[in-house]
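Participant: Fold the following, please.
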Amino acid sequence: MANTFKTITRDVAPNAAGTPEVLYTVQSSTRVIILGLTLANVHTAQVTASVTLVSTVTQTSQTQNTTAHLIKDAAIPVGSTLAVLDGKIVANAGDVIKVDCSVADKVSVIMSYMEIDS
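Facilitator: This next block holds a predicted model:
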């Protein structure tokens, strides 16, 4: 099993306000530990942003996962950055991280994670 630290970035997201953009999809045969996720307002006015984890994985003896918000409609003032996570998030193969913003192409995104190959 190999553990690899990685970063994914978007200079601006999403393509259309109200339509969450896929930031990352966990590949088959891997899991990831999301270590950090930061949103920066690159607009000339305040924006609101949301980040979701879309998961349909069913853990042993548990109910199937559904879409959950890591943060929803959080206000980000002009020129400010928002650290979305207080802790780490585990994402399984097939899980998807999506980002949305109240204004198209006005939030910059950085996500750091550790990829674990099975």
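Participant: Report the contact partners of the residue nearest in space to the middle of the chain.
Facilitator: Among the residues of the chain, the smallest C-alpha distance to the mean C-alpha position (Cα atoms, centre = their mean) belongs to residue 97, namely 4.1 Å. Residues touching residue 97, when contacts are defined by Cβ atoms under 8 Å, 6 or more residues apart in numbering, comprise 22-25, 34, 37, 51-54, 70, 91, 111. From N, CA and C alone the C-beta is placed, and that goes for glycine too.
Participant: Let me know the closest of those residues to residue 85.
Facilitator: The shortest gap between residue 85 and any of those belongs to residue 37, at 5.3 Å (Cβ to Cβ).
Participant: tell me which residues in the helix or strand hosting that closest one are buried?
Facilitator: With elements delineated by DSSP states H and E, residue 37 resides in strand 30-41, which encompasses its position. Neighbour-count burial for strand 30-41, with 16 or more other Cβ atoms under 10 Å as criterion, is recorded at 30, 31, 32, 34, 35, 37, 39, 40, 41.
Participant: Let me have the residues you listed in JSON lines, adding distance to residue 83 and pLDDT as columns.
Facilitator: Formatted as JSON lines, the buried residues of strand 30-41 follow (distance: Cβ to Cβ, whole Å; pLDDT from 0 to 100):
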{"residue": "30", "distance to residue 83": "25", "pLDDT": "94"}
{"residue": "31", "distance to residue 83": "22", "pLDDT": "94"}
{"residue": "32", "distance to residue 83": "18", "pLDDT": "97"}
{"residue": "34", "distance to residue 83": "12", "pLDDT": "98"}
{"residue": "35", "distance to residue 83": "11", "pLDDT": "98"}
{"residue": "37", "distance to residue 83": "8", "pLDDT": "98"}
{"residue": "39", "distance to residue 83": "8", "pLDDT": "98"}
{"residue": "40", "distance to residue 83": "10", "pLDDT": "98"}
{"residue": "41", "distance to residue 83": "13", "pLDDT": "98"}
